[in-house]
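Enquirer: Any chance you could fold what I've pasted below:
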Amino acid sequence: MTVIYIDADACPVKAEAEKVATRHGIRMVLVSNGGIRPSANPLVDSVFVSDGPDEADMWIADNAGAGDVVITGDIPLADRCVQGGAKVLKHNGEELHLRNIGQVLATRDLMQDLRSADPFRQGGGKPFSKADRSRFLDALERVVQAAKRG
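Expert: Numbers count the residues shown, from 1 in each chain. The predicted structure is shown next:
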């Protein structure tokens, strides 16, 4: 049975994902280091991992598998989940899969190298928008329906 796993510490689309999970009657698991209020929704479980680096990522990668959906902005975690057969979505609705994860991972590594080589090349990307939220909802609906079909 399909489960939605969310790398929840910095996830801006938890509420949207919960709406989709509820509409489809599927379990959703919020994984974090703490500081997130558990949902009253009986379909939503909260898993709190220790404060070590990448503990939430390791928990998700160890538990998500084929037919599951993972929501994360962490590209190495996305790579592990894709390799394990899960469907992966970024917060902006971009789907990561076997055909594109290598390129996305390489781009992430390149940008990390550029930032470390130039201390003045800092700052985040563009702010999260209503259009990103809308794309995410559309993509999650599509991915959940596909996962339910098998």
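
Enquirer: C-alpha only now, for contacts and for neighbours.
Expert: Fine.

Enquirer: following the lowest-mean-pLDDT helix or strand in the chain, which helix or strand shows up next?
Expert: Lowest mean confidence among the helices and strands of the chain (mean pLDDT, DSSP states H and E): helix 101-117, at a mean of 65. Reading on from helix 101-117 to the C-terminus, the next helix or strand found by DSSP states H and E is helix 130-149.

Enquirer: Who are the packing partners of that next one?
Expert: Under the contact criterion of 3 or more Cα pairs under 8 Å, 6 or more residues apart in numbering; DSSP states H and E, helix 130-149 touches helix 14-24, strand 69-71, strand 87-89.

Enquirer: Could you check the angle that helix makes with helix 14-24?
Expert: 30 degrees (axes from the mean of the first three to the mean of the last three Cα atoms, to 10 degrees).

Enquirer: Buried residues, helix 130-149. List them.
Expert: Asp132, Arg133, Arg135, Phe136, Leu137, Ala139, Leu140, Glu141, Val143, Val144, Ala147 (16 or more other Cα atoms under 10 Å).

Enquirer: try stretch 7-21
Expert: By neighbour count on 16+ other Cα under 10 Å, the buried set for stretch 7-21 is Asp7, Ala8, Asp9, Cys11, Val13, Lys14, Ala17, Glu18, Val20, Ala21.

Enquirer: got it, and stretch 24-42?
Expert: If you call a residue buried by 16+ other Cα under 10 Å, then stretch 24-42 has these buried ones: Ile26, Arg27, Met28, Val29, Leu30, Val31, Ser32, Asn33.

Enquirer: Tell me the strands beside whatever helix or strand the third one lives in, with direction?
Expert: To tie it back to what came earlier, the one meant is Met28. Taking DSSP H and E as the definition, Met28 sits inside strand 27-32. Paired with strand 27-32 in the same sheet, following DSSP bridges, are strand 3-7 (parallel), strand 44-48 (parallel).

Enquirer: export the first one as CSV, just CAs?
Expert: Extracted as CSV, the C-alpha positions of strand 3-7 are listed here (Å, rounded to 0.1, in the frame of the first residue of the first chain):
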residue,chain,number,x,y,z
VAL,A,3,2.7,5.7,1.8
ILE,A,4,3.7,9.3,1.5
TYR,A,5,7.0,10.1,3.3
ILE,A,6,7.8,13.7,3.9
ASP,A,7,11.2,15.1,4.9
